[in-house]
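> Next one to model:
(2 chains)
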Amino acid sequence: SQQGEEDPQALSIQEGENATMNCSYKTSINNLQWYRQNSGRGLVHLILIRSNEREKHSGRLRVTLDTSKKSSSLLITASRAADTASYFCATAGELGGTSYGKLTFGQGTILTVHP
Amino acid sequence: AAGVIQSPRHLIKEKRETATLKCYPIPRHDTVYWYQQGPGQDPQFLISFYEKMQSDKGSIPDRFSAQQFSDYHSELNMSSLELGDSALYFCASSLAAVYEAFFGQGTRLTVV
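Numbers count the residues shown, from 1 in each chain, chains lettered A, B, ... in the order given. A predicted model of the protein is given here:
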């Protein structure tokens, strides 16, 4: 089954509100990355968090990682209409593991921010 | 800053034809990945290369093959195309497999 399952599948909020997306995974990881994708466009790297980190910030983004629960969350604060996109988490397997050397994506959350 | 370059951006092929997609990674990146993304789907890993050697293989059909050349650019060759091969094909590169991967804009392949 899918490594990196995300919820919710779709999220609709008003500008200025915060958006939280969650990701769960199944195997041991070296790092977890979040990507953004506008409709039919390329994947834009947002942030990477390593397995020995618990929280990371980048601008309006806050990512947490709980390796004991094999889960991560992405928080976008003070959302803007321009944040409307699909957001994917992707896991990179640990060195020596079967998933090393590739990113495995979750199914993504479609975020819609209404002006 | 240089990004991952993919060509062509759009490609229309007929069933049973062959397609070649090209990827030029960010300079000094040693790892290249190929992904396939169907409509409304998450990206599916196809294959990766580390220092020009195949490092991992995902759900890549036998009709597809890929290689990485001495200048680190990579090509994905797809033969006997089927309607179901219509998708966005992404290439990504990274510096070693444990660093963030940067994606190209993708090639949209339409098989008719």
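
> I figured A:Ser86 hits A:Thr109, correct?
Yes - here A:Ser86 reaches A:Thr109: they are 6.9 Å apart, a contact under C-beta atoms under 8 Å. Where you see a C-beta, it was placed from the backbone N, CA and C, and this is true even at glycine.

> pLDDT weak spots in chain B?
By pLDDT under 70, the weakly predicted segments of chain B are B:1, B:97-98.

> right, and B:Ala87 touches B:Leu109 too?
Yes - contact status for B:Ala87 versus B:Leu109: in contact at 6.2 Å, counting by C-beta under 8 Å.

> Show me which residues of chain A are close to chain B?
Proximity of chain A to chain B, by C-beta under 8 Å from any C-beta of the partner chain, involves residues A:2, A:30-31, A:33, A:35, A:40-45, A:48, A:88, A:90, A:92, A:95, A:100-108.

> Using neighbour counts, trim the residues you listed to the buried set.
Using 16 or more other C-beta atoms under 10 Å in any protein chain shown as the burial test, the residues of chain A next to chain B include A:30-31, A:33, A:35, A:42-43, A:45, A:48, A:88, A:90, A:92, A:100-108 as buried.

> what about residue 112, neighbour count?
Since no chain was named, I'll use chain A. Using other C-beta atoms under 10 Å in any protein chain shown, A:Thr112 has 14 other residues around it.

> that answer is for a different chain, and I need it for chain B
Neighbourhood size, B:Val112 [other C-beta under 10 Å]: 10.

> No more questions from me, cheers.
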